[in-house]
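Peer 1: Got a predicted structure here, sequence first:
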Amino acid sequence: MHTPRPLRAALGVATLLVCGCATTANEPAAPNAAAPAQARPPAQRAAEGGFGAGAPGTEFGFATFQTQCTSCHGNPAVERAPSPEAIREMSPEKIYTALVSGVMQAQGMALSDQQKRGVAEFMSGRPLGSASAGAAKDMPNRCASNPPLADPAAGPSWNGWGVDGANSRFQPARAAGLAARDVPRLQLKWVFGFPSGVSANAQPTIASGRVFVGSDNGFFYSLDARTGCVYWSFEAGSTVRNAATIGPIAGREPARYAAYFGDGHANVYALDAQTGTLLWKTRADDHFVARITAGTKLYRGKLFVPVSSSEEFSSGNPSYPCCTSRGSVVALDASTGREIWKAWVIPEEPKPYKTQANGVTLYKPAGGAVWNSPTVDPERNAVYFGTGDATTAPAPKTTDGIMAVDVDTGRLLWSYQATENDVFMGGCNGPQKSEACPEQLGPDADIGNSPILATAPGGKRIVFGGTKAADVFALDPDHGGALLYRVNPGGAAPGGNPRFGGPSIVWGGAADDRHVYYGLGSGGLAALDPATGKTVWTFAPPAPSGNGTSALGAAPTTIPGVVFAGSTNGMLYAVSAEDGKELWRFDTAQTFETVNRVPAHGGAIAVAGAVVVDGMLFVGSGYAVGSASTAGNALLAFEVR
């Protein structure tokens with residue numbers, strides 16, 4: 001989006017270097033700002049820096065900036081400070097050193113070391129130490145050769161978030177190469193460690209016999225699926241937490257196929273899938289906290305890109321000029337990166353509506369981040385995607401729901417709102433809060449999961465979504481998104497608000513020809529009859545403490561007869577699709593020897609699920625959002641032995 005001119009001017013002087021009123025953009029280099037990150041365990045690195053410690057740098061780093069820095073940064077009277085965009089192009093070491101021993105040392109003294117690291121890692125979008133540690137050229141497991149890449153569409157693959165345009169997360173038997181009877185004999189084959197990583201939450205894409213996967217260390221990798229040897233790496237410079245899409249590209253010879261993905265600075269990349277060479281790079285949104293957290297979708301030469309934001313985390317601070325970031329889905333020409341259209345969740349551009357007594361101007365409307373990979377419906381020539389909450393009141397009808405837009409133009413076709421009047425921003429609970437804070441806060445009920453387009457027995461087409469209160473709702477894509485039913489397999493009355501610690505659907509579901517499956521967090525895993533919404537079975541393994549249920553919140557994956565589900569305690573389960581009985585389990589929350597000799601430990605499986613291709617199963621382990629203790633930097637590959 002184009003930030004309104006008054007706010008752009010304010011933010012231009014509101015930025016960083018870093019907390020306090022900077023008067024110069026000059027700052028020293030930082031060759032030794034932090035100890036090598038790869039030498040410390042993921043949980044320790046998470047606890048030390050902004051990429052863990054209760055939440056990653058996205059949350060706590062920006063919260064520190066909003067709550068500790070905007071009294072000067074955002075004040076038009078403060079001149080000559082670099083813009084937020086300029087700071088976000090700097091390395092974390094450069095920002096951290098400026099706060100510790102550079103031009104911002106005096107201001108940095110008011111911050112803890114954890115806060116300084118958090119701000120540095122948020123603004124740069126990657127952990128300290130990652131640039132020097134992540135490159136494939138320095139790894140001992142380089143592939144001996146790089147044979148020509150086979151057509152990704154010709155062989156078994158898991159391409160993108162949901163394996164198909166419908167985001168079903170169902171892998172047919174032929175492509176899976178794994179039968180239900182073989183699942184109990186799955187054994188670990190190899191592990192790849194992400195250097196300096198603490199959240200291995202970018203779901204791997206498998207195509208042409210290769211693994212394509214990003215990391216929070218700012219690198220994107222191509223590995224051999226069978227051995228884990230590394231073909232190449234590409235340094236994006238900011239966290240890559242979304243599933244890549246592999247597909248054809250025209251006019252970029254000698255490249256035939258590209259790897260498409262986004263990063264934490266809202267940049268979109270097309271790399272030569274053979275070599276990792278950059279083909280094009282496009283900024284999907286120019287707001288300084290816009291980011292891409294979910295997978296792209298490639299369809300008929302168009303690349304659909306979801307855009308989310310970090311703005312709401314502490315925007316209730318009275319010194320922050322709340323709020324100007326809006327969610328969207330952008331359609332790019334896959335061969336050039338040129339924008340074709342942009343579908344805003346909130347069409348109206350934010351405008352100033354109030355100036356507080358402290359001189360900070362407030363803006364609206366804003367919000368509606370898109371945290372999920374779009375779904376394509378060729379029959380209706382439509383793109384479906386879930387939307388987040390509003391950050392300014394009143395909440396538009398397109399927030400907290402599902403939107404349908406035209407494939408060719410981005411024109412709104414219909415929308416369904418699952419939760420009305422949801423305005424949420426962090427920082428509104430204390431005595432000092434912004435006048436932008438709503439009278440009723442929350443309930444923070446974003447639809448973070450991709451819509452699933454499925455066909456029920458009998459032929460009825462249905463679009464499914466889930467809420468943070470663990471409701472599953474079914475919409476009719478052939479009748480303007482009309483609600484067919486809304487149920488709660490967690491046992492609560494449908495239509496309620498999320499309960500802290502209660503069952504919740506955040507990251508998604510899966511569907512085969514018989515059932516729809518959703519991870520309910522603390523409510524376990526549920527299978528539903530798609531025609532009626534009736535719960536067929538639930539799987540709820542006990543928590544390690546013996547109290548309650550292991551939280552199965554990651555997006556499930558299904559193959560004929562089997563559903564795979566990951567837990568926040570690091571356990572990966574396989575259960576029968578017929579009755580929900582456990583078939584196999586593996587504890588990923590442990591230390592591993594890795595093919596690239598990087599110290600690695602697994603952690604929570606909390607966002608992306610497992611993928612199954614050609615007799616192998618792949619899963620990332622580690623997610624440092626809930627707690628530093630759940631951090632991890634391991635990519636695991638299994639096969640039947």
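Peer 2: Cool, got the structure. Numbering: from 1, shown residues only.

Peer 1: pLDDT score for the closest residue to D579 other than its chain neighbours?
Peer 2: Excluding the flanking residues, the one nearest D579 by CB to CB, 6 or more residues apart in numbering is W537, at 5.7 Å. The C-beta positions use only the backbone N, C-alpha and C, and glycine is treated the same way. W537 carries a pLDDT value of 98.

Peer 1: I figured W537 hits E582, correct?
Peer 2: No. Shown here, W537 and E582 do not form a contact pair, counting by CB atoms under 8 Å, at 11.9 Å.

Peer 1: Between the two, which has more neighbouring residues?
Peer 2: W537 (19 against 12; other CB atoms under 10 Å).

Peer 1: Can you tell me which helices and strands the strand or helix carrying the more buried one packs against?
Peer 2: Following DSSP states H and E, one finds W537 within strand 535-539. For strand 535-539, the elements it packs on are strand 525-528, judged by 3 or more CB pairs under 8 Å, 6 or more residues apart in numbering; DSSP states H and E.

Peer 1: contacting residues around the strand it packs on?
Peer 2: With CB atoms under 8 Å, 6 or more residues apart in numbering as the test, strand 525-528 has contacts from 472, 487, 489-490, 515-520, 534-540, 552, 556, 563, 565, 573, 575, 577, 580.

Peer 1: give me that answer again for 6 Å
Peer 2: 489, 515-520, 535-539, 552, 565 (CB atoms under 6 Å, 6 or more residues apart in numbering).

Peer 1: What of stretch 223-241?
Peer 2: Contacts for stretch 223-241 (CB under 6 Å, 6+ apart): 125-126, 135-136, 139, 141-143, 146, 190, 192, 201-202, 206, 209-211, 214, 216, 218-222, 261, 263-265, 271, 276, 293, 595.

Peer 1: now it, how far from the chain's geometric center?
Peer 2: Put simply, stretch 223-241 sits 18 Å off its chain's centre (CA atoms, centre = their mean, to the nearest Å).

Peer 1: got the buried residues for it?
Peer 2: The neighbour-count check on stretch 223-241 (16 or more other CB atoms under 10 Å) flags 223-226, 228-241 as buried.

Peer 1: my read: P321 touches N358, true?
Peer 2: No. Using CB atoms under 6 Å as the test, P321 is too far from N358 to be in contact (10.6 Å).

Peer 1: quick one on the thing from earlier: so which of the contacts of stretch 223-241 sit within strands?
Peer 2: Among the contacts of stretch 223-241, the members found in strands (DSSP state E) are W190, F192, I206, R210, V211, G214, F219, F220, Y221, S222, F261, L271.

Peer 1: Just name the closest of these to D151, please.
Peer 2: R210 (12.5 Å; CB to CB).

Peer 1: The closest one: neighbour count?
Peer 2: The burial count for R210: 26, using other CB under 10 Å.

Peer 1: wait, what's in contact with it?
Peer 2: Taking CB under 6 Å, 6+ apart, one finds S222, A225 in contact with R210.

Peer 1: And it, how far from N159?
Peer 2: 11 Å (CB to CB, to the nearest Å).

Peer 1: Following the record's annotation, map out the domains of this structure.
Peer 2: As assigned by automatic domain parsing, the chain contains the domains 5-133, 244-293+295-371+373-437, 450-529.

Peer 1: Indicate which one of the ones you listed is closest to S545.
Peer 2: domain 450-529 (12.5 Å).

Peer 1: How far away from the center of its chain is that closest one?
Peer 2: On the basis of CA atoms, centre = their mean, domain 450-529 sits 20 Å off its chain's mean C-alpha point.

Peer 1: What is the end-to-end distance of it?
Peer 2: Domain 450-529 has its terminal residues 19 Å apart, counting by CA to CA, to the nearest Å.

Peer 1: where exactly do the helices run in this protein?
Peer 2: Ranges of helices within the chain are 5-13, 42-48, 57-64, 84-88, 92-100, 105-108, 113-124, 130-133, 173-176, based on DSSP state H.

Peer 1: Select from these the stretch with the lowest mean pLDDT.
Peer 2: Mean pLDDT is lowest for helix 5-13 among the helices of the chain, at a mean of 36.

Peer 1: coming back round to it: strands paired with the strand holding W537, and their directions?
Peer 2: Take DSSP bridges as the rule and strand 535-539 pairs in its sheet with strand 525-528 (antiparallel).

Peer 1: Just the C-alpha atoms of the partner strand, please, in PDB.
Peer 2: Taking C-alpha atoms only, strand 525-528 is exported to PDB below (Å, rounded to 0.1, in the frame of the first residue of the first chain):
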ATOM      1  CA  LEU A 525      -7.800 -33.700  15.900                       C
ATOM      2  CA  ALA A 526     -11.400 -34.000  14.500                       C
ATOM      3  CA  ALA A 527     -12.800 -35.700  11.400                       C
ATOM      4  CA  LEU A 528     -16.100 -34.300  10.100                       C
END
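
Peer 1: residues of it that come out buried?
Peer 2: In terms of neighbour count (16+ other CB under 10 Å), strand 525-528 has its buried residues at L525, A526, A527, L528.

Peer 1: Around the closest residue to L413 other than its chain neighbours, count how many other residues there are.
Peer 2: Nearest non-adjacent residue to L413, counting by CB to CB, 6+ apart: A404, 4.3 Å away. Look at A404: counted by other CB under 10 Å, it has 24 neighbours.

Peer 1: could you list every residue that touches A404?
Peer 2: Per CB under 6 Å, 6+ apart, neighbours of A404: A382, Y384, L413, W414.

Peer 1: what about the third one, distance to H479?
Peer 2: When distance is defined by CB to CB, L413 is 12 Å away from H479.

Peer 1: would you list every one of the strands in the stretch 451-600 of the chain?
Peer 2: 452-455, 461-466, 472-476, 482-487, 509-511, 516-519, 525-528, 535-539, 557-559, 562-566, 571-576, 582-587, 591-592, 600-601 (DSSP state E, counting those that start in this stretch).

Peer 1: would you turn those into CSV with distance to A150?
Peer 2: Putting those into CSV (distance: least, CB to CB, whole Å) gives the following:
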stretch, distance to A150
strand 452-455, 28
strand 461-466, 33
strand 472-476, 38
strand 482-487, 41
strand 509-511, 27
strand 516-519, 31
strand 525-528, 35
strand 535-539, 37
strand 557-559, 22
strand 562-566, 26
strand 571-576, 29
strand 582-587, 30
strand 591-592, 29
strand 600-601, 29
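
Peer 1: Nearest to V612 among these would be which one?
Peer 2: strand 557-559 (5.4 Å).

Peer 1: any idea of the mean pLDDT for that closest one?
Peer 2: The model assigns strand 557-559 a mean pLDDT of 98.

Peer 1: Give me the residues contacting it.
Peer 2: Applying CB under 6 Å, 6+ apart, the set of residues contacting strand 557-559 is R169, F170, Q171, A176, A510, D512, F564, G609, A610, V612.

Peer 1: between the residues you listed, which is nearest T588?
Peer 2: Nearest to T588 among the contacts of strand 557-559, with distances taken as CB to CB, is A610, at 10.1 Å.

Peer 1: how many neighbours does the closest one have?
Peer 2: 26.

Peer 1: So it sits against F564, correct?
Peer 2: Yes. A610 is within contact range of F564, at 4.5 Å (criterion: CB under 6 Å).

Peer 1: roughly how far apart are the nearest residue to Y299 once chain neighbours are set aside and P306?
Peer 2: Distances taken as CB to CB, 6+ apart place V376 nearest to Y299, at 4.8 Å, with adjacent residues excluded. V376 is 13 Å from P306, where distance means CB to CB.

Peer 1: can you check C437 too?
Peer 2: 27 Å.

Peer 1: and what of Y353?
Peer 2: Between Y353 and P306 the computed distance is 28 Å (CB to CB).

Peer 1: Those two: who's more crowded?
Peer 2: P306 (28 against 12).

Peer 1: Chain neighbours aside, what residue packs nearest to the more buried one?
Peer 2: V370 (3.9 Å).

Peer 1: residues contacting the one you found?
Peer 2: P306, V307, S308, G327, V329, F385.

Peer 1: Leaving out sequence neighbours, find the closest residue to D446.
Peer 2: G388 (3.8 Å).
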